[in-house]
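S.K.: got a structure for you, letters missing:
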């Protein structure tokens with residue numbers, strides 16, 4: 001797990017930081033997951049992420065999240081299996097499933113297993129928050145008292161990663177879409193993400 005929030009010991013489900021909404025993001029697409037994680041953090045959420053169902057289950061056993069966003073298609077155990085497991089760990093966890101391959105029937109199955117709603121990928125934070133609101137009737141209004149616009153370097157880095165993700169990781173196609181030389185793009189990608 002990349003960003004544990006220091007949950008309760010002993011495997012008892014619980015919410016670690018009661019002052020912020022907690023969310024678990026589960027997707028095998030690292031770039032998409034990282035982009036969502038950063039956006040949710042900026043909105044005041046306590047965020048944990050996982051690249052597969054096994055990591056997500058371990059995280060939820062340590063500290064059950066209030067909300068979860070689960071990709072249906074992942075290596076290993078499916079998102080459907082994960083929805084069922086998360087619901088068994090803590091039935092109060094509200095789950096949105098993301099489907100990237102257009103199988104609405106599978107998404108409906110996920111709702112039957114305990115998800116509150118589903119979305120088609122790609123989805124951004126506003127889509128996800130709206131889906132939670134529609135599925136639960138709750139309007140999430142996380143605390144955002146000190147929002148700061150990202151620096152120009154940070155905005156550029158996020159845009160490059162978004163385009164790269166849209167191109168399925170193809171550097172040549174991403175450099176063509178961005179209008180920069182392939183080597184320039186590779187140099188930018190080798191740098192660490194700029195601070196906010």
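M.R.: Arrived safely. Fair warning: this is a prediction, and the values are worked out from it, not measured in the lab.
S.K.: who does the helix or strand where residue 59 lies touch, helix- and strand-wise?
M.R.: Using DSSP states H and E, residue 59 sits within helix 53-62. Judged by 3 or more CB pairs under 8 Å, 6 or more residues apart in numbering; DSSP states H and E, helix 53-62 is in contact with strand 22-26, strand 46-50, strand 67-71, helix 79-89. Where C-beta positions appear, they are placed from N, C-alpha and C, glycine not excepted.
S.K.: what's the angle between it and strand 46-50?
M.R.: Orientation of helix 53-62 against strand 46-50 (axes from the mean of the first three to the mean of the last three CA atoms, to 10 degrees) gives an angle of 140 degrees.
S.K.: Could you tell me how far helix 53-62 lies from the centre of the chain?
M.R.: 14 Å (CA atoms, centre = their mean, to the nearest Å).
S.K.: Report the buried residues of it.
M.R.: Across helix 53-62, burial judged by 16 or more other CB atoms under 10 Å covers 53, 55, 56, 57, 59, 60, 61, 62.
S.K.: Run through the chain and note the low-pLDDT ranges.
M.R.: Residue ranges of the chain with pLDDT under 70: 1-19, 101-104, 135-150, 192-196.
S.K.: List the buried residues in stretch 91-108.
M.R.: 93, 94, 95, 96, 97, 98, 99, 100, 106, 107.
S.K.: ok, now stretch 163-172?
M.R.: 163, 164, 165, 167.
S.K.: quick check: angle from the helix holding residue 59 to strand 67-71?
M.R.: Angle, helix 53-62 to strand 67-71, by the same axes, to 10 degrees: 170 degrees.
S.K.: what's the closest of the helices and strands packed on helix 53-62 to residue 187?
M.R.: Closest to residue 187 of these is strand 46-50 (CB to CB; 26.8 Å).
S.K.: Name all residues that make contact with residue 160.
M.R.: If you count contacts by CB atoms under 8 Å, 6 or more residues apart in numbering, residue 160 has them with 174, 178, 185, 188, 189.
S.K.: can I get those in JSON lines with distance to residue 67 and secondary structure?
M.R.: Shown next, in JSON lines, are those (distance: CB to CB, whole Å; DSSP: H, G, I helix; E, B strand; the rest coil):
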{"residue": "174", "distance to residue 67": "31", "secondary structure": "helix"}
{"residue": "178", "distance to residue 67": "33", "secondary structure": "helix"}
{"residue": "185", "distance to residue 67": "34", "secondary structure": "helix"}
{"residue": "188", "distance to residue 67": "33", "secondary structure": "helix"}
{"residue": "189", "distance to residue 67": "31", "secondary structure": "helix"}
